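In: Pasting the sequence and the predicted model now:
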Protein chains: 4
Amino acid sequence: MVSVTVWNEYRHEREDDEVAEVYPDGIHAALADALAERGHDVTTATLDEPEHGLPEDVLDGTAVLLWWGHAAHDEVEDAVVDRVVSRVRDGMGFLPLHSAHHSKPFKRLMGTSCSLKWRESGERERLWTVEPGHPVADGVDETFVVAEAEMYGERFDVPEPDTLVFLSWFEGGEVFRSGCCYRRGSGRVFYFRPGHETYPIYREETIRHVIDNGVRWAAPDDGPSPTFENVDRYEG
Amino acid sequence: MVSVTVWNEYRHEREDDEVAEVYPDGIHAALADALAERGHDVTTATLDEPEHGLPEDVLDGTAVLLWWGHAAHDEVEDAVVDRVVSRVRDGMGFLPLHSAHHSKPFKRLMGTSCSLKWRESGERERLWTVEPGHPVADGVDETFVVAEAEMYGERFDVPEPDTLVFLSWFEGGEVFRSGCCYRRGSGRVFYFRPGHETYPIYREETIRHVIDNGVRWAAPDDGPSPTFENVDRYEG
Amino acid sequence: MVSVTVWNEYRHEREDDEVAEVYPDGIHAALADALAERGHDVTTATLDEPEHGLPEDVLDGTAVLLWWGHAAHDEVEDAVVDRVVSRVRDGMGFLPLHSAHHSKPFKRLMGTSCSLKWRESGERERLWTVEPGHPVADGVDETFVVAEAEMYGERFDVPEPDTLVFLSWFEGGEVFRSGCCYRRGSGRVFYFRPGHETYPIYREETIRHVIDNGVRWAAPDDGPSPTFENVDRYEG
Amino acid sequence: MVSVTVWNEYRHEREDDEVAEVYPDGIHAALADALAERGHDVTTATLDEPEHGLPEDVLDGTAVLLWWGHAAHDEVEDAVVDRVVSRVRDGMGFLPLHSAHHSKPFKRLMGTSCSLKWRESGERERLWTVEPGHPVADGVDETFVVAEAEMYGERFDVPEPDTLVFLSWFEGGEVFRSGCCYRRGSGRVFYFRPGHETYPIYREETIRHVIDNGVRWAAPDDGPSPTFENVDRYEG
């Protein structure tokens, strides 16, 4: 059981009928359901709440933070971004999903543009588990399909992942590193590509299962808190 | 709780009084105690048993295999080495300890000589946790000391670790990558340097704790078993 | 200018008319031409020569070794494999091409089965340069096509590459890590997937160019030769 | 021959007699000498010049940028930091030296705090070449000494290096990852620890040689410039 906070921009779902039909209570609600079903202690937070729903005391109780944003990345206050990034460095797990590749916290943690190619055409995506022995592949098939997806294509401008777990194939000729694990400071980051505001991808069992795996993998252990300071000699 | 088999060459302890005094029941017994105390289901196996104590049915019941050898690496039958290597590729965790850097299974899994510098002079070793957010650093201090150690020094001829968790400093001027994590096939390998036949290092709580962490980290999940064969088209 | 030896099994080309038509002088001749054109000093060696054409003095003069084999991997003598592996560890560059994924030296250097999925159906392969800043991507386009290829699909059972430079997409739904860089000992290994005995892939300029890049990248520098021995204290 | 710009904060040397004695013309001058001697085309830039000496046209002509800063990291304008970071992502090599671990561009490229432990006590540092086959180890000994160094100790809060080439041992009991290679976007980053404002370390031949190696390694090739945009299908 992990204490999870699901953060969502939550604009599309309120402003666009097509999106509202797929996720009437917001993408965060669908993700929270998936994780609550699997035994986690889940809360949600959204952009338009005070401090975007992420004041210090919420983060105090968060072991793993999921992040979904798309059209309003720039509206996330830098003070909240600093707070999130700092928590990740201190050990909080972080799962940016799909279009959160361009979220401020992910870009800050990666140090790159995190840009990519895209095409919104409801095409077929086939994922391959290229690292079957990694915890986020637990109970996952060797290959699985998202029937209608927005395409994301390489070059994905991220640092080479510490571990690359999933690769995507798209009908139109592209490939993508879809499941990428990183360590930053004491925290673990799992970027997972599938998901979209107009396709009910977060209602699919396989996708929900992988996100659960990601949460379990990213949940912090109790490692040492390094000191960064002027020190006396240890030896001699 | 992980099903662990502790393998030991178990020659020194029977032939050398100095070693027998430190580990009267063998190094495997000390390691098995450490892991049983921490809740694992532990058995042991040694070189001079039939099939070195590692017939197929023992490995069937082994989630993680510890390996301690020093003077008789060459006496390990290739058929048993093949079996161990194959199990690791299929997901079994593997923890070669100290002088097992030159064991056949580790060398086979690494593809390099795994050679290093050494000096047996009972000198002080200080370890540093350089990746505090990794599971094998759970509950470990930022730095800890082995009062009397055999020195191992770089260049350690291994592939660059997937994750480097511990670094050692030695009185005499050397450094060493002492805690190295690898994936090979579906299996996880954790090489951990401390330990020796004439110093009671495997009786120290910190060392026992790290080995426990290694066991937990290396224990397999239930990922997909890839097929390697001529396949029909999935798409189109 | 790099001293290159191109090794080829050279059986298909002599025994199969279809292959002979594509590579009348052998695959090694086509590869040697490509590299000689680009200014390298190239020799060739084949399976049926004494010591497979790779006696010590040939390797003495080899900075980078290319390897092409397919149907007779098992006929390569272990003594020659030992010699090649040992040279790589000492700094010789090594480029296993296409079906050499199952060659003895590559498997020995990787420590894994190096197995994969395949389908010989002349289908379209599209490669993507996912690490555009790596030397083997010098002068290469972001994406390029092999019109008729044998498919190789994931899971490719290799250790995670030190750097993954190219990814392949196949018509039939598969993806593959097609350009994989590794260090082993002091040597560099570049596995490059494209190529086949019945498709004239090694006559294509882009492919020849990538192989040239691989040769330049894998050519050894003059780094230190580590000693592996009992040493005196350096300090104190 | 690489077009190099050496950037220096250049405050200590003008304000502190002890530093002025070691580097009367500034640390940048010593570094520029070292690289000009080795055949590079070198210019310098300093904090107090307009745009810190790094206007667009200077960066247009810069293949590799060295960076030395210590006490005035915060005075570097964010617009210039953005410019430098953007150039690195587009392929410019970047060599942050010693206390530039806390420079804005390095922290931005890493996504972590880049903090560490330190002690200014003129103690002995011994470096070890742990990856002898890497280009930055070309012509370097297996171990070399800096007689009087400021200590930097782990935990060094950076992402795990793509390649770790040098490790440092310090008299007082610390170790440090002293030579760290990264890719960020299309650019290469080499962090090299040795150097200080009150010890004449940049006058030592071995150190100058390693920096030359770093420059050669980090110099960009001519890889593809990825597009990041909405794209049409390539296939089907």
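Out: Ah, there it is.
In: what residues does the lengthiest helix in chain A touch?
Out: Counting residues, the longest helix in chain A under DSSP state H turns out to be helix A:205-218. Helix A:205-218 is contacted by residues A:2, A:4, A:31, A:34-35, A:37-38, A:40, A:64, A:66, A:93-95, A:97, A:134-141, A:144, A:146, A:166, A:179, A:181, A:187-190, A:192, A:194-195, A:201-202 when judged by C-beta atoms under 8 Å, 6 or more residues apart in numbering or on different chains. (Glycine included, C-beta is placed from N, CA and C.)
In: Pull out the buried residues from that helix.
Out: A:206-218 (16 or more other C-beta atoms under 10 Å in any protein chain shown).
In: quick revisit: okay, and which of the contacts of helix A:205-218 map to helices?
Out: Among these, DSSP H puts A:Leu31, A:Ala34, A:Leu35, A:Glu37 in helices.
In: so A:Asp48 makes contact with A:Glu13?
Out: No - using C-beta atoms under 8 Å, A:Asp48 makes no contact with A:Glu13, being 11.8 Å away.
In: the more surrounded of these two?
Out: The residue with more neighbours, out of A:Asp48 and A:Glu13, is A:Glu13; 23 against 12, by other C-beta atoms under 10 Å in any protein chain shown.
In: can you list the weak-confidence ranges in chain A?
Out: Across chain A, nothing is flagged by pLDDT under 70.
In: let's go with 90 and repeat that
Out: Low-confidence segments of chain A (pLDDT under 90): A:121, A:196-199, A:236.
In: residues in it within reach of chain C, list them.
Out: Applying C-beta under 8 Å from any C-beta of the partner chain, we find that chain A lies next to chain C at A:126, A:128-132, A:142, A:153-156, A:160, A:163-164, A:167-170, A:173-175, A:177, A:236.
In: Can you flag the buried ones in these?
Out: Among the residues of chain A next to chain C, those classed as buried by neighbour count (16+ other C-beta under 10 Å) are A:126, A:128-132, A:142, A:153-156, A:160, A:163-164, A:167-170, A:173-175, A:177.
In: Strands - which of these land there?
Out: Judged by DSSP state E, strands contain the following of those: A:Arg126, A:Trp128, A:Thr129, A:Gly153, A:Thr163, A:Leu164, A:Leu167, A:Ser168, A:Trp169, A:Phe170, A:Val175, A:Arg177.
In: Looking at those, which one is closest to chain B?
Out: A:Thr129 (5.4 Å; C-beta to the nearest C-beta).
In: Would you mind confirming that the closest one makes contact with B:Asp221?
Out: No - contact criterion C-beta under 8 Å: A:Thr129 and B:Asp221 do not qualify, at 11.8 Å.
In: Mutual contacts of the two, please.
Out: Contacts common to A:Thr129 and B:Asp221, judged by C-beta under 8 Å, 6+ apart, are A:Ala137.
In: for A:Glu174, what are its contacts?
Out: For A:Glu174, the contacting residues are A:Lys117, A:Met151, A:Tyr152, A:Gly153, A:Glu154, C:Trp128, C:Trp169, D:Val231, D:Tyr234, by C-beta under 8 Å, 6+ apart.
In: go on, A:Asp222?
Out: B:Asp138, B:Gly139.
In: And A:Phe192, by the same measure?
Out: A:Leu95, A:Leu97, A:His98, A:Phe166, A:Ser178, A:Gly179, A:Val210, A:Ile211, A:Gly214.
In: Dump those residues into a markdown table; add distance to D:Leu59 as well.
Out: What follows is the contacts of A:Phe192, written out as a markdown table (distance: C-beta to C-beta, whole Å):
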| residue | distance to D:Leu59 |
| --- | --- |
| A:Leu95 | 36 |
| A:Leu97 | 35 |
| A:His98 | 34 |
| A:Phe166 | 37 |
| A:Ser178 | 34 |
| A:Gly179 | 36 |
| A:Val210 | 42 |
| A:Ile211 | 41 |
| A:Gly214 | 39 |
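In: Of those residues, just say which sits nearest to D:Ala20.
Out: A:Leu95 (51.8 Å; C-beta to C-beta).
In: so the closest one bridges to which residues?
Out: Using DSSP bridges, the beta-bridge partners of A:Leu95 come out as A:Leu66.
In: how about the strands of chain A, start to end?
Out: Assigned by DSSP E, chain A shows strands spanning A:3-8, A:41-46, A:64-68, A:93-96, A:117-129, A:143-153, A:163-170, A:175-184, A:187-192.
In: All set now, cheers.
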